[in-house]
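Undergrad: Here is my input; please provide its structure:
(one chain, ligands or ions: 2)
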Amino acid sequence: METAFDSVLFLSFGGPEGPDEVMPFLENVTRGRGIPRERLESVAEHYLHFGGVSPINRLNLDMIDGLRADLARRGVDLPVYFGNRNWHPMAEDTLAEMYRAGHRRILVFPTSAWGGYSGCRQYHEDIDRSLQALASREPASTTPEGAVVLRKLPQYWSHPAFTAAGADAVRRGIEKLGASEDSVRLVFTAHSVPSSADAASGPAAEGGNLYSRQVMAASQAVADALGVDDFDQVWQSRSGPPQIPWLEPDICDHLEDLAAQGVRRVVVYPIGFISDHLEVIWDLDNEAAETAQRLGMDYVRADTVGTDPRFIEMIGEYVENYVGGLGDLTAMGCGDNGRVCRDRCCVPAARPSRPSAPAADAT
Ligand SMILES: CC1=C(CCC(=O)O)c2cc3nc(cc4[nH]c(cc5[nH]c(cc1n2)c(C)c5CCC(=O)O)c(CCC(=O)O)c4C)C(CCC(=O)O)=C3C
Ligand SMILES: [Fe+2]
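TA: Residues are numbered from 1 along each chain as shown. Ligands and ions are numbered 1, 2, ... in the order given. The predicted structure follows:
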């Protein structure tokens, strides 16, 4: 097979690997974001509750293993590298390593399914920042002969495999609750974002709110696959000062409302994330689970898609479709070298780029 692309960068958020890394990691995440210090300290405690280790890196490496096997099955002979926005291995370092290994045409798979600033644009910014770092480390990368292309793969929130894997996760969650006379309320959750950032994403003609509209459409698709008419869309893990509006309702407030309505059994599916990382295991398995328990509700948190074979195959399918250089460049979220997406996906930026690069050299 002729390959226009020679490698894959699996690009994610990053997470600490021990107690000493928690604060430096959080400082990278929140640099220039105006997140109150108290919020940082309480989030640090969530990480410290798990020994300062976020499961996110291991979960990403598991998906990468799956992807490697899937690519081998397809006969797509591309190495898969791993890099992050906020912690080691930093995307900047991984890109330099890839460059030194001779890779010049790189497909980037982001671990966010979504559009909008946090879901899409920030990954373009990571690519841009990594290229800037490469220019100073490897000046040849700025010459025509040494030039690099990093092509971000499209958003996959509407891919049938994402829907099917999610529907099965919910099905398993419902089974875990066990049989009962009482019906089960299905609740979808995704990471909250500032309402202003949500409003600013997506074509103005369509009313902005790209991220929340995508999340709701994805939830609707999973509900349809399950034949469920009644479900709720809620949000989680908000940060930022309380006076600034973020997408609501929050999952815990919503559980209170459901209990007041007499709902006794809930399955919560974190459709906003692709692995059971800290935002899932803390905010849902601890906080929301405790809230449900206090309210006397039966509560099950459904699995994220993670290493579900259909989801891994979806990633492999994207790589295979784009490897020859023929993939659809107009697909939402797709773009080269950190240049913003077509279709006015996450333009205009809800916020300026970060004022400075994160501490890529910190250990
Ligand atoms: C839309 C979205 C996704 C989904 C898309 C995607 O997956 O990319 C996501 C994922 C994640 N968010 C994560 C962790 C954090 N997010 C924070 C802060 C923020 N997230 C935001 C949005 C999102 N976040 C926003 C608008 C902020 C405010 C500050 C800012 O504008 O940047 C903070 C700061 C502290 C706090 O929570 O206040 C942390 C620690 C982890 C890693 C978990 C682990 O370590 O296992 C993951 C995968
Ligand atoms: Fe985008």
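Undergrad: What's the per-residue pLDDT of the closest residue to Trp87 other than its chain neighbours here?
TA: Of all residues not flanking Trp87 in the chain, Gly14 sits nearest, at 3.3 Å (Cβ to Cβ, 6 or more residues apart in numbering). Yep, even glycine has a C-beta here, placed from its N, CA and C like the rest. Gly14 is assigned 98 on the pLDDT scale.
Undergrad: Check the secondary structure at Gly14 for me.
TA: coil (DSSP: H, G, I helix; E, B strand; the rest coil).
Undergrad: what about it, how many neighbours?
TA: The criterion is other Cβ atoms under 10 Å. On that basis, Gly14 has 25 neighbouring residues.
Undergrad: That one and ligand 2, how far apart?
TA: Distance of Gly14 to ligand 2, given as Cβ to the ion, to the nearest Å: 20 Å.
Undergrad: Count the neighbours of Val22 for me.
TA: Other residues near Val22 number 25, with proximity taken as other Cβ under 10 Å.
Undergrad: show me what contacts it?
TA: Remark: with contacts taken as Cβ atoms under 8 Å, 6 or more residues apart in numbering, Val22 is in contact with Pro16, Ala44, Tyr47, Leu48, Gly52.
Undergrad: Just the element for it, please.
TA: Per DSSP states H and E: Val22 is located in helix 19-30.
Undergrad: in that helix, what's buried?
TA: Of the residues in helix 19-30, those buried by neighbour count under the rule 16 or more other Cβ atoms under 10 Å are Glu21, Val22, Met23, Pro24, Phe25, Leu26, Asn28, Val29, Thr30.
Undergrad: Over to stretch 302-314?
TA: Result for stretch 302-314 [16+ other Cβ under 10 Å]: buried residues Ala302, Asp303, Thr304, Val305, Gly306, Thr307, Asp308, Arg310, Phe311, Ile312, Glu313, Met314.
Undergrad: Compile the residues you listed into CSV and extend it with columns for pLDDT.
TA: As requested, those are arranged in CSV below (pLDDT from 0 to 100):
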residue, pLDDT
Ala302, 98
Asp303, 98
Thr304, 98
Val305, 98
Gly306, 98
Thr307, 98
Asp308, 98
Arg310, 98
Phe311, 98
Ile312, 98
Glu313, 98
Met314, 98
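Undergrad: which one of those residues is nearest ligand 1?
TA: Thr304 (10.3 Å; Cβ to the nearest ligand atom).
Undergrad: Helix, strand or coil: sort out the closest one for me.
TA: Per three-state DSSP, the local secondary structure of Thr304 is coil.
Undergrad: For it, give me its contacts.
TA: When contacts are counted by Cβ under 8 Å, 6+ apart, Thr304 touches Ala169, Pro270, Phe273, Ile274, Ser275, Asp276, Val280.
Undergrad: one more time with 7 Å, if that's ok
TA: With contact taken as Cβ atoms under 7 Å, 6 or more residues apart in numbering, Thr304 is in contact with Pro270, Phe273, Ile274, Ser275, Asp276, Val280.
Undergrad: what do you get for Val8?
TA: Leu78, Val80, Tyr81, Leu107, Phe109, Val319.
Undergrad: now, among these, which is nearest to ligand 1?
TA: Within these, the smallest distance to ligand 1 is 12.3 Å, found for Phe109 (Cβ to the nearest ligand atom).
Undergrad: Without its sequence neighbours, what residue ends up closest to the residue most central in space within the chain?
TA: Against the mean C-alpha coordinate of the chain, by Cα atoms, centre = their mean, the closest residue is Ser112 at 2.8 Å. Taking Cβ to Cβ, 6+ apart as the measure, Ser112 lies nearest to Gly119, with 4.6 Å between them; neighbours along the chain are not counted.
Undergrad: Roughly how far does the residue of the chain found nearest ligand 1 sit from Gly316?
TA: Using Cβ to the nearest ligand atom, the point where the chain gets nearest to ligand 1 is Ser239, with a distance of 2.5 Å. With the distance defined as Cβ to Cβ, to the nearest Å, Ser239 ends up 34 Å from Gly316.
Undergrad: Just checking stretch 86-105 against ligand 1, any contact.
TA: No - Stretch 86-105 is not in contact with ligand 1 by Cβ under 6 Å from any ligand atom; minimum separation 7.9 Å.
Undergrad: cool, stretch 189-207 as well?
TA: Yes - Stretch 189-207 comes into contact with ligand 1 (Cβ under 6 Å from any ligand atom), by way of His191, Val193.
Undergrad: what's the helix or strand for Asp257?
TA: Element membership for Asp257, per DSSP H and E: helix 251-260.
Undergrad: how about that helix: buried residues?
TA: Along helix 251-260, these residues count as buried under the neighbour rule (16+ other Cβ under 10 Å): Ile251, Cys252, His254, Leu255, Leu258, Ala259.
Undergrad: what sits against the second one?
TA: This points to Cys252. By Cβ under 7 Å, 6+ apart, the residues touching Cys252 are Glu287, Ala288, Thr291.
Undergrad: Next one: the closest residue to Leu186 other than its chain neighbours from Leu295, what distance?
TA: Taking Cβ to Cβ, 6+ apart, and ignoring the residues beside it in sequence, Leu186 has Phe231 as its nearest neighbour in space, at 4.2 Å. For Phe231, the distance to Leu295 equals 19 Å [Cβ to Cβ].
Undergrad: Equivalent analysis for Ala331, please.
TA: Counting by Cβ to Cβ, the gap between Ala331 and Leu295 amounts to 42 Å.
Undergrad: Pop out the phi and psi values for Val108.
TA: The phi and psi values for Val108, taken as degrees, to the nearest 10, are phi -110, psi 120.
Undergrad: care to break this protein down by domain?
TA: Here the chain is described, according to automatic domain parsing, as comprising the domains 7-156+308-336, 160-301.
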